[in-house]
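[1] Sequence first, predicted coordinates after that:
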Amino acid sequence: MRIQSHRLALMSLGLWLAATPHVWSQEDAKPNPAKLEFFEKKVRPLLVDNCYNCHSADNKADGGLRVDDHRGLMQGGKRGRAIVVGKPEESLLIKAVQQTDDKLKMPPNKQLTEEQVAILQQWIKDGAAWPADEIPADLLDRPAEYDRLLKQHWAWQPLQAVTVPADVSNGWARDDVDRFVWAKLQEVGLSPVADADRVTLLRRVTFDLTGLPPTPAEIRDFLADPAPTAYETVVDRLLRSPAFGERWGRHWLDVARFGESTGSARNLPFPHAWRYRDYVIDAFNKDKPYDQFIREQVAGDLLPAKTEEQRREQLIATGFLAIGVKDVNQRFKVRYIMDNIDEQIDTVSRSVMALTASCARCHDHKFDPITTSEYYSLAGIFQSSDDCAGLRNKMGGGGLDYYDPKMLLVLPGSSEPNPQHAARLAAARKAADEAKADFERSRDSADADKPAPNGKPRRQVARQKWNRLEAEYQALNDPTASGAVAMGVRDGAQIGDTEIRIRGEAEKLGPVVPRGFLKVVDFAGQPVVPTDKSGRLELAQWLTSPKNPLTSRVIVNRVWHHLFGAGLVTSVDNFGVTGDTPSHPELLDHLATSFAADGWSTKRLIRRLVLTRAYGLSSLATERHQTLDPANRWVWRHSPRRLEAEEMRDATLAAAGVLDRSRPQGSAAAELKVVELPNNGAESQRLLAVARASHARSVYLPLLRTLVPTSLEVFDFADQGLVTGSRETTTVPTQALYLLNDAFVRRNSLVLAESLLAATDMEDRGRIEAAYLSVVGRSPSQSEVERVQFYLQDYQAAAHEALAAEFTAVAQREAKAQAARQRPADACAPLNIADETPAGGGAKVVTDQGAGVAVKQAEPPPKLEPVQPRDARTAAWASFVQALLGSGDFRYVR
Amino acid sequence: MLNSNDLNGADLFSRRAALKTAGTGFGYLALAGMLGLQNRQAQAGVSRVDAPLAPKVQQLAAKAKRIIFLFMEGAMSHVDTFDYKPKLQESDGKPGHGGGKLVASKFKFSQHGESGTWVSELYPHVARHVDRLCFIRGLHTDTPAHPQAVIQLHTGARVASLTRPSMGSWLLYGLGTENQDLPGYITINPSPNFGGAVNYGSAFLPAHFQGTRISDAGFLPNLKPEVVTPLQRRQIDLVQEMNRDLQAIPGAPSELDGVIESYELAFRMQGKVPELLDISREPQSVLDAYGVKPGPAGSFARQCVLARRLSEAGVRFVQIRQGGWDHHNNLHKGLIANSAATDQPTAALLADLEQRGLLDETLVLFGSEFGRLPTAQGADGRDHNITGFPMWLAGAGVRPGFSYGATDDYGTHAVEGRMHTMDLHATLLALMGLDHEALTFRYAGRDFRLTDVGGNVAREIMA
């Protein structure tokens, strides 16, 4: 009755009227007080005293069993249900304490008294009564202020049809966007500053659209193009460049908290996460409509696909939901699942709608009108879906214990089906099973410790054989062995609604709530979750409906943020009550409406914005402007911004002329086995070394959580744990130390210096110009040239003596290399080396003790030579280039 | 006209700017208080850059200026070291509460000092200092697995998949750093797993509040100047000239002040920090007192010396680590080896701080992520216990020779003076002069605290 009344309460609130009927289980019936008293007085103390050390939340769940959690006890552990209600004779719990079965005797080294066993039998016979979790009386009460908030808070009101202000700007405005900006500036009594000069504008738009600096040739071409459409031409060129997707895809990867490992308590790699990364980059390059982009990430597996290629793409898209931080060492499965669901709810709600829905996990949202019931109506959708990250939770664990290849999405058409595969798999399974039986026989026999022919104990030999065959089976059975796989989600085997968890505690069950969406976005004709499907497809439709005002507002605001330095709503990930209010509410709605009407095209939105007069403003400021609006909220100028970490690194490589613009295949993380990666371990060091040696764009570096490459980490790389729509920009001495001493910066400075000096067709003045163009995207002034000339002379003179030892070292190294080249080719024949390489394509095979499964080690990263200039002149030039890379001119886009 | 919303915007802007720039000196205004926003009207519309790492005005009367945390990773068996349980000693072999068989400690306990505190024979050196120690014996935490418990101890996060700022970051955010030429938060030899960098990360706090990791040999990347000083100075001067040119342009990035200062600070750090990290500069007698020796066995001793040098130089939070306490088996020999590695150095650190007059302003914290059960696991082991375990504090702000709280007769459950991890955090912040409920950071729509929604300060332990 109690539960029924809750359900009625829900219905009377008018929530989820279309919800599916729920079959109430026996567990929901309220047990009578006498039986409960018997449990509390007799049964619980017995369990506490005898079982808790191995089977409770404060300790662990040995064998997967917990006796302090009703559902845990009912579902049982690895051996199956611990209790069959009403039937003590069929209950494993009773069997265990009776100790009649040699393989199941509990508690260990102890026997319960007959009286104690009888208590347990009685309890099970009488229905195994268990007190219901105490449900707070107000659990389902809707906080009083919610209705007001629903009606009043700006963010979730429908998009307003807005009128573009009349153009009174005297020809200043170029686009409707400018007319909104102008009107607001007028209102606050400010006027826009002058337009940016062409060189500044080119550098700005090139970084903003591609994350790369303009090349000297691009600068010259643009300056030489007299056409009034010259800038438009540049913009279109940039939008067509693959670098566009690498830049804007990275913005979304920040929001999607992209990382190639679990992070958290045990850091395990995600070897397939890179597919999602490439999907995102491609989506931006293809200008995939944003609504479709969201639908694919939330429910790509449930969308129709015309081709196999499309199907693959849509499966990979759902990686969005699977790549979050995961605590695989969580010992209780129910908590592992609920934590991952929470992570998914947080990511989806904040990335798409800038709503902090996960605040409602433990209690009704303190600020926004989101109830705990609504949270669990979303949770039901995710609980009905498999989180395919290739992992399982486990307490303790080592080696491949956490790896679960069944929890991966196999991509269709990834390889020709091998007709022999099934037969080989069956044979391998049979061999492993036989070896296991052999081992068990040998273990239990009297000869177990006697030596086998190789001198080792027979038991050990049998064990090793079993381990080896098991590993062979595992390797064959791994989907990655027979084809391509991806991380993502799929509808689970069990589809259904879930219970509210009281105070967010996974085991504390409140009433079941029907699957559904949040009330903040409630519109006529919104999709309904079907009984037999997870509801993700409907969630995706609800998110991307033109009637959902948040989705379009949030994305246009994110784009504005990246182009103008701050969003129209500065709290880009939080449109809730505690977030910012829009500086230009009408402009925001105008952009959101026209974006959706224009086919949700991100490229066209960006094109439109960078062609506005507002975007092209100079970054110069006057005292008056600075005093009245220091944050440039009213867009009277273009706000300067610091380059992001990737831009710093990519631009350094580009300036040195060594940036590799091609997309590398996969990721260095793709080679990793799914075993824990300690921060100081060899694999971790190798990944960091790969990143150091790489010339690829930063978006393609291995980005394992807590193992972010130094060159990105020092300049405020995105927090990979949470949705990050806006990165920090700090200014700290470790950045200066990096720019002064790190080999990456010094090496690329030296490379550019050497190539400048190698150019025989120019004089030093020309070289200085070329360095400025390459590094800071502009020509130096006369006084800058003179200053550099003086610097070079002075430095060179001082370096002659100070760096003499380095020059000698370089000369010796070069002489040695020269000698090696002249040696006959057969002197160091590589043939013998190949003979020594074990089978398996040159990779070294070692055995991981924890799992007894072969772990392949990837190739070592290339060794980098020390960074040393050959002579004082080169040293001086390298030092000058490095100084340019350290300058504010390089670091900031204005 | 600016309306009230705009004031908030400008206000937030200047606060953000303040939190993001590490410059000091150069005539910056000191942050008026950690929360710095009381004077909203006055700040509004003024673009200024403050110094987030500058020493801050504290909220409460501070008892300690610095913390040194000696982290015993893996869960030291308290019933064999610092939590004497006579009843357990009498009950060897009897059934234990919750299942299993009680096993008495194999190590002899005796009373020490005027306080008569019981310490086992594993810690003879530390036992000489018991009258300086303040035990908290009623600790408990939430998850009986190392990774989660280690992360919770360091960041307060009860769910390990939620990345939160570490306690050192919160302290730095709240207090700034004392020595502008040094990082304010240093962790030596941190756990490579169990969350790894999460345990000294700044999460959503700005990056300069994160801990700086150094090895137990004192290695810090990019600290060594790659060219001789006169040449590097020339280069820095060129950078600074370029930056000042840019700064002269109206509307130049406001962070340029910070960039210029960051170069000067980096230059000074190159000079000072390596010296500080070079423990061979200590007299041999000091090294001997700590028991410094080469190799892994001397790691903790080296860390103790480094900790004293860094703390003395004004590093706000220094953490050092001894691993290997997870004695599911090999309890006996394991405890002997680990206590041998930590006893003398820990005692020497206390004596050294005292001798230098630093113990009055330095808070020393010693302990593990949780304790171990009094029952046997296998032939020679003990399993995890999160329901009751001790730590000890020494130095600034705490009552010496004092013991607060207790576990039950067998060391299983905290029964008196119970302190959850959040209470420990609240108490540490209070000792440092910070109100844990007011030390907040707005992120993702809510105000985050180290202590989340809990935390009670254990005033009883304060001197």
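    Alright, I've got the coordinates. Numbering: from 1, shown residues only, chains lettered A, B, ... in the order given.
[2] who touches the closest residue to chain B within the stretch 501-650 of chain A in this structure?
    Residue of the stretch 501-650 of chain A nearest chain B, by Cβ to the nearest Cβ: residue A:621 (3.0 Å). (Glycine included, C-beta is placed from N, CA and C.) Residue A:621 is in contact with A:193, A:637, B:250-251, counting by Cβ atoms under 8 Å, 6 or more residues apart in numbering or on different chains.
[3] rerun at 6 Å
    Listed by Cβ atoms under 6 Å, 6 or more residues apart in numbering or on different chains, the contact set of residue A:621 reads A:637, B:250-251.
[4] same thing with residue A:721?
    For residue A:721, the contacting residues are A:325, B:163, by Cβ under 6 Å, 6+ apart.
[5] Now with 8 Å, please.
    Counting by Cβ under 8 Å, 6+ apart, residue A:721 makes contact with A:257, A:259, A:263, A:325, A:705, B:162-163, B:203.
[6] for stretch A:166-180, how far is the first residue from the last?
    9 Å (Cα to Cα, to the nearest Å).
[7] Next, count neighbours for whichever residue of the stretch 201-350 of chain B sits closest to chain A.
    Using Cβ to the nearest Cβ, residue B:251 is the residue of the stretch 201-350 of chain B that sits closest to chain A, at 3.0 Å. By the criterion of other Cβ atoms under 10 Å in any protein chain shown, residue B:251 has 19 neighbours.
[8] where does the residue lying closest to it once chain neighbours are set aside land in three-state SS?
    Excluding its sequence neighbours, the residue lying closest to residue B:251 (Cβ to Cβ, 6 or more residues apart in numbering or on different chains) is residue A:621, at 3.0 Å. When classified by DSSP: H, G, I helix; E, B strand; the rest coil, residue A:621 comes out as coil.
[9] Likewise for residue A:461?
    Per three-state DSSP, the local secondary structure of residue A:461 is helix.
[10] sorry, back to before: out of the contacts of residue A:721, which one has the lowest pLDDT?
    Minimum pLDDT for the contacts of residue A:721 is recorded at residue B:162 (73).
[11] Residue A:734 falls within a helix, correct?
    Yes: assessed by three-state DSSP, residue A:734 belongs to a helix.
[12] With the flanking residues excluded, which residue is spatially nearest to it?
    Spatially, and ignoring its direct neighbours in sequence, residue A:734 is nearest to residue A:714 (5.6 Å; Cβ to Cβ, 6+ apart).
[13] Could you check how far that neighbour is from residue A:259?
    Remark: distance between residue A:714 and residue A:259 (Cβ to Cβ, to the nearest Å) = 18 Å.
[14] Give me the more crowded residue out of the two.
    Ranked by neighbour count (other Cβ under 10 Å), residue A:714 and residue A:259 place residue A:259 first, with 26 against 23.
[15] ok, that one to residue A:527 distance?
    31 Å.
[16] rewinding a little: show the model's pLDDT score for the residue of the stretch 501-650 of chain A closest to chain B.
    Residue A:621 is given a pLDDT of 95.
[17] cool, and residue A:481?
    Confidence score, pLDDT, at residue A:481: 71.
[18] Likewise for residue A:825?
    Reported pLDDT for residue A:825: 55.
[19] quick one, what contacts residue A:568?
    Residue A:568 makes contact with A:557, A:560, A:582-584, A:587-588 under the criterion Cβ under 8 Å, 6+ apart.
[20] just to revisit the earlier point, these two touch, right, the residue nearest to residue A:734 and residue A:645?
    Yes: counting by Cβ atoms under 8 Å, residue A:714 touches residue A:645, with 7.4 Å between them.
[21] Which residue comes closest to residue A:292 once chain neighbours are left out?
    Closest to residue A:292 by Cβ to Cβ, 6+ apart is residue A:600, at 7.3 Å.
[22] same thing with residue A:435?
    Excluding the flanking residues, the one nearest residue A:435 by Cβ to Cβ, 6+ apart is residue A:466, at 4.0 Å.
[23] OK, contacts around the one you found?
    By Cβ under 8 Å, 6+ apart, the contact list for residue A:466 reads A:432, A:435-436, A:438-439.
[24] Just the element for residue A:624, please.
    Take DSSP states H and E as the rule and residue A:624 turns out to sit in helix A:623-628.
[25] Point out where chain B drops to low pLDDT.
    B:1-59, B:160-161, B:207, B:444-445 (pLDDT under 70).
[26] The longest helix seen in it packs against which elements?
    Assignment by DSSP state H gives helix B:331-355 as the longest helix of chain B. Judged by 3 or more Cβ pairs under 8 Å, 6 or more residues apart in numbering or on different chains; DSSP states H and E, the packing partners of helix B:331-355 are strand B:66-72, helix B:124-127, helix B:284-290, helix B:299-312, strand B:317-322, strand B:362-367, strand B:389-395.
[27] what residues does the last one touch?
    When you say that, I think you mean strand B:389-395. Strand B:389-395 is contacted from outside by B:64, B:75, B:78, B:82-83, B:129, B:132-140, B:350, B:353, B:359-368, B:370-372, B:400, B:405, B:407, B:411, B:414, B:424, B:461, using Cβ under 8 Å, 6+ apart.
[28] got the angle for it vs helix B:331-355?
    Strand B:389-395 and helix B:331-355 are oriented at 20 degrees to each other (axes from the mean of the first three to the mean of the last three Cα atoms, to 10 degrees).
[29] Let's see strand B:389-395 as PDB, backbone CA atoms only.
    The C-alpha coordinates for strand B:389-395 follow below in PDB (Å, rounded to 0.1, in the frame of the first residue of the first chain):
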ATOM      1  CA  PHE B 389      41.700   3.700  13.100                       C
ATOM      2  CA  PRO B 390      44.000   6.400  14.500                       C
ATOM      3  CA  MET B 391      46.300   9.100  13.100                       C
ATOM      4  CA  TRP B 392      48.500  11.400  15.100                       C
ATOM      5  CA  LEU B 393      49.300  15.100  14.900                       C
ATOM      6  CA  ALA B 394      52.200  17.000  16.400                       C
ATOM      7  CA  GLY B 395      53.200  20.600  16.600                       C
END
